[in-house]
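Q: sequence first, predicted model second:
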Amino acid sequence: MGALRRYWGYDSFRPLQERIVNSLVAGHDTCVVMPTGGGKSLCYQLPAAMLGEQTAIVISPLIALMQDQVAQLTQMGISAAFANSSMTEAGRSSVMNEARRGKYRLVYLSPERLLRPDTIEWLKKVPVSFFAIDEAHCISEWGHEFRPEYRKLNSLREHFPNRPIAAFTASATRRVRHDIIDQLKLSNPDKYIASFHRPNLRYVLKQCEGASQPDLLIGALRHYEGSNVIVYAPTIKRVGETVDFLEEKGIPAIGYHGKMDSDTRRRNQESWMADDVRVLVGTVAFGLGINKANVRAVIHLSLPKSIEQFYQEAGRAGRDGDPADCILLWRKRDMGLLAHFIEQMADPDEKARGWQRWRDIQGFAESTVCRHRRICLHFGETPKWTSCQACDICGYLPECLIQSAQKPSLRPSKPASPAVPVRSAGEKWDRPHKSAAPGNIAVDSDLRERLREWRRTTAKEQGVAAFVVLHDTTMDEICRRQPSSTAALLGVPGIGEKKLERYGRQILEVINGFRNAPKA
């Protein structure tokens, strides 16, 4: 608990986190399935910080994600580094030399780099505490983002037979979980599966006819004006067309896709993260590792290829625990497009898995069963409730999607009680968690804007993402409490000792400037 307070500025764990941390500190193999926003990264970062003079090796698929996490850890006072292709040879050599001496608590590597023979030989000279594999569903051919290079991670057990291995993922069916454990050769692992029920999310699927989709999209974005929104488009071409269309309608938006050069992608992502532009239109390339809590809506403009993909992308909304809408505007032709891509697959087993996903997403789109319940059942969790009051099947429809002015606006009632899932042997489930409401004190928009401007300037000076300096939820809590001393500021969730030392005086100056400003 002391390290949690000192580094992260939190006084309590979220569900499952403490038990997962204890498993890793005790040296157990571990398999963790925790939805987006559940706090997975802390589960391996905290034990790494606690195991002094040893180094946790984190396998991560994205360079940008590694860079952001290392920047966050460094600002919190935890020694961390990455070694990847974005660095010079001299930079990588320096990291490798320091790692041999046990300087870092965490080192981030891509699966491709980890599997190089020279990397394995280097790691054998590093005081490794454990291996943490992020996005572990990529190792399974049944996972919706299977990557062959992940499959080769099964050699870790051979090279490091006495080092614990921990697998982390946000979306894995029971079949994928078993495959992860088998492929990584986990030894009697502790299994922690959080509930897949996200009661603050409101799922709405609407089949669009003809040209109605653009009008529905405009209506939705105007409804969420001033809020952060992600719009998922199916192709790079649709990303560009949608951004242009929104700009014509007076809605500022930026795009994100895999064919953009890395600098443009990074710049666009940071503009959205810093609230410079509220609407981001992206392909599936956008979202992995995105650490933004106050996304109020995720809108899909076509059917995803799987329920797992929809759940993972929709789950980027409402990470602060407040209500958020997950809207899927689909057209019948989406089924044909997905089928076309499946038919291009050469491998018969891969094609069979593609068709299974197709049947699942078709069934989900056309279902008359509660959306929350259907998602839970897909992942092997059996809720006792049958109606959530937070999806279109159960009577929720946002006002922006009600086309007839005569129809009443349906508002969601209180979500059903959290599910108590059925467990399979050896799996530790947990009830869904919604962070405690921060009281009835409203966030002062003027103070928030002042803090946001300070955060943006500070982040640019340091060359880091805005959320690395101060997380959205921490900034909102500062606005509610308006602390007047360093002691009071240290009591704000998300302000640890190093964060206080680095930014405390500046934050208090912003607050004092707000207090002393002449009132209109």
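A: Yes, it's here.

Q: please pull out the lowest mean pLDDT helix or strand from the chain.
A: The least trusted helix or strand in the chain, going by mean pLDDT, DSSP states H and E, turns out to be strand 427-430, with a mean of 48.

Q: can you name the next helix or strand after it?
A: Per DSSP states H and E, the first helix or strand lying C-terminal to strand 427-430 is helix 445-462.

Q: got the contact list for that next one?
A: Applying C-beta atoms under 8 Å, 6 or more residues apart in numbering, the contact partners of helix 445-462 are 270, 274-276, 465-466, 468-470, 475-476, 478-479, 482, 503, 506-507, 510-511, 513-514. For glycine as for every other residue, the C-beta is placed from the backbone atoms N, C-alpha and C.

Q: same question, stretch 97-113
A: Residues outside stretch 97-113 that contact it (C-beta under 8 Å, 6+ apart) are 44-45, 48-49, 51-61, 63, 66, 69-70, 73, 78-85, 95, 119, 122, 125-127, 147, 149-150, 152-153.

Q: on that earlier part again, now, which of the contacts of helix 445-462 lie within strands?
A: With strands taken from DSSP state E, there is no overlap with the contacts of helix 445-462.

Q: can I have the buried ones of those as a ChimeraX selection?
A: The buried residues among the contacts of helix 445-462 can be selected in ChimeraX (16 or more other C-beta atoms under 10 Å) with this line:
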select :270,274,275,465,466,468,469,470,475,476,478,479,503,507,510,511,514
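
Q: from residue 127, how far off is residue 52?
A: Per C-beta to C-beta, to the nearest Å, residue 52 is found 10 Å from residue 127.

Q: the two - which one has more neighbours?
A: Shown here are residue 52 and residue 127; by other C-beta atoms under 10 Å, residue 127 has more neighbours (13 against 9).

Q: pretty sure that one is touching residue 57, no?
A: No: with contact defined as C-beta atoms under 8 Å, residue 127 does not count as touching residue 57 (10.7 Å).

Q: which strand or helix spans the nearest residue to residue 324 once chain neighbours are set aside?
A: Closest residue to residue 324 apart from its sequence neighbours, by C-beta to C-beta, 6 or more residues apart in numbering: residue 318 at 3.1 Å. Element membership for residue 318 (DSSP H and E) is empty, with no helix or strand holding it.

Q: so who does residue 318 touch?
A: 37, 198, 200-201, 295-296, 324.

Q: and what of residue 86?
A: Contacts were defined as C-beta under 8 Å, 6+ apart; by that measure residue 86 touches 63, 67.

Q: ok, now with 10 Å
A: Listed by C-beta atoms under 10 Å, 6 or more residues apart in numbering, the contact set of residue 86 reads 63-64, 66-67, 92, 262.

Q: how much space separates it from residue 172?
A: Counting by C-beta to C-beta, the gap from residue 86 to residue 172 is 29 Å.

Q: and residue 259, how many neighbours?
A: Neighbour count for residue 259, taken as other C-beta under 10 Å: 9.

Q: show me where pLDDT drops low in this protein?
A: Along the chain, the model assigns pLDDT under 70 to residues 1, 210, 289, 403-440, 520.

Q: centroid-nearest residue for it?
A: For the chain, the residue nearest the mean C-alpha position is residue 36 (4.4 Å; C-alpha atoms, centre = their mean).

Q: surely that one is within a strand?
A: No: using DSSP: H, G, I helix; E, B strand; the rest coil, the secondary structure at residue 36 is coil, not a strand.

Q: which residue is the nearest non-sequential neighbour of it?
A: residue 315 (3.7 Å).

Q: which residues does that neighbour contact?
A: By C-beta under 10 Å, 6+ apart, the contact list for residue 315 reads 35-38, 170-171, 196, 198, 201, 287, 295, 298, 324, 326, 375.

Q: what about the residue nearest to the centre of the chain, distance to residue 151?
A: 24 Å.

Q: excluding sequence neighbours, find me the nearest residue to residue 59.
A: Spatially, and ignoring its direct neighbours in sequence, residue 59 is nearest to residue 133 (4.6 Å; C-beta to C-beta, 6+ apart).

Q: do I have it right that the one you found meets residue 152?
A: No: checked against C-beta atoms under 10 Å, the pair residue 133 and residue 152 is beyond contact range at 11.9 Å.

Q: overlap of the contact sets of these two?
A: Shared contacts of residue 133 and residue 152, defined by C-beta under 10 Å, 6+ apart, are found at 111, 114, 139.

Q: from residue 510, how far out is residue 448?
A: Plainly put, residue 448 is 10 Å away from residue 510 if you go by C-beta to C-beta.

Q: intersection of neighbour lists for these two?
A: With C-beta under 10 Å, 6+ apart, residue 448 and residue 510 have common neighbours residue 478.

Q: before we move on, back to that, among the contacts of stretch 97-113, which are located in strands?
A: The strands, defined by DSSP E, take in 55-59, 80-82 from these.

Q: quick one: which of those has the most company?
A: Neighbour-wise, these (other C-beta under 10 Å) top out at residue 58, 27 neighbours.

Q: this completes my enquiry, with thanks.
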